[in-house]
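Enquirer: Quick one, fold the following:
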Amino acid sequence: MKEYLELFTTFSKIGAFTIGGGYVMIPLIEREVVEKRRWLERDEFLDMLAISQSAPGILAMNISIFIGQKIKGFKGSIVAATGIALPSFLIILAIAAFFAGFKENETIERMFKGMRPVVVALIAVPVISMAKGLKLNRYTSFIPIVSVALIVLLKSSPVWIIIAGALLGIFHYYYNLKR
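Expert: All right, here's what the predicted structure looks like:
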C-alpha cells in the first residue's frame, strides 16, 4: 500500500506543480523517477518517453501509465494516471468556476503573457536532455535536423516522419544483422 501511495503522491505532485503541459513535466518526471526514486534507468525512461510521445493521447498521461505499469503493474498504472490527472482536473475546475470574473483583468492577462516565454524554455529543457541521451553520432545526427526541416519547411505531418523513422530503424537493424 505504501508503494501505491508513493506512486500517487509522486505523480500528483508533478501534475499539481507543472504549468505548460506534458513536455514541461518531462524533466520533473525524469528527476523523480530516474534520479530520486531510481524506479527506472535513464535509457529505460527515454524509451518510455519515445513510446509515450508516439502513442495516441496526452503525453503526461501516457508516460505515467507506462511508469506505473512498470513499477506496480496494472494497479500501478491506474494509480499513477490518477495522480497525474487529478490535480489538473481540480485546478481546471476551480479556474472554470472563477475565470469569468477574472478574464478581463489586466493583471491576470499580463501574468499569462509573462508565462508564455517561460513555458517555451521549459519545453526546450527536455528536448536538450533527450538529445544528450540519444548518443547521436556523425551518422545519426542528421535525423533530427531532417525531421525538423520536413515538418517546418515542407509542412509534413509528424505522423509520417515517425512512421518513416520506425521503418528506417527496422531496415537498419536487419541490414546490420545480415552484415
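Enquirer: Tell me the helices and strands packed up against the lengthiest helix in the chain.
Expert: Ordering each helix of the chain by length in residues (DSSP state H) puts helix 59-102 first. On a contact count with 3 or more Cβ pairs under 8 Å, 6 or more residues apart in numbering; DSSP states H and E, helix 59-102 meets helix 2-16, helix 22-30, helix 42-54. All C-beta spots, glycine's among them, are computed from the backbone N, C-alpha and C.
Enquirer: Next SSE downstream of it?
Expert: helix 106-133 (DSSP states H and E).
Enquirer: Can you spell out which helices and strands pack onto that following helix?
Expert: Packing partners of helix 106-133 (3+ Cβ pairs under 8 Å, 6+ apart): helix 22-30, helix 42-54.
Enquirer: tell me which element residue 147 falls in.
Expert: helix 142-152.
Enquirer: Direction-wise, compare that helix with helix 106-133 and give the angle.
Expert: Inter-element angle recorded for helix 142-152 and helix 106-133: 140 degrees (by axes from the mean of the first three to the mean of the last three Cα atoms, to 10 degrees).
Enquirer: Give the buried residues for helix 142-152.
Expert: Along helix 142-152, these residues count as buried under the neighbour rule (16 or more other Cβ atoms under 10 Å): 147, 150.
Enquirer: Alright, I will stop here.
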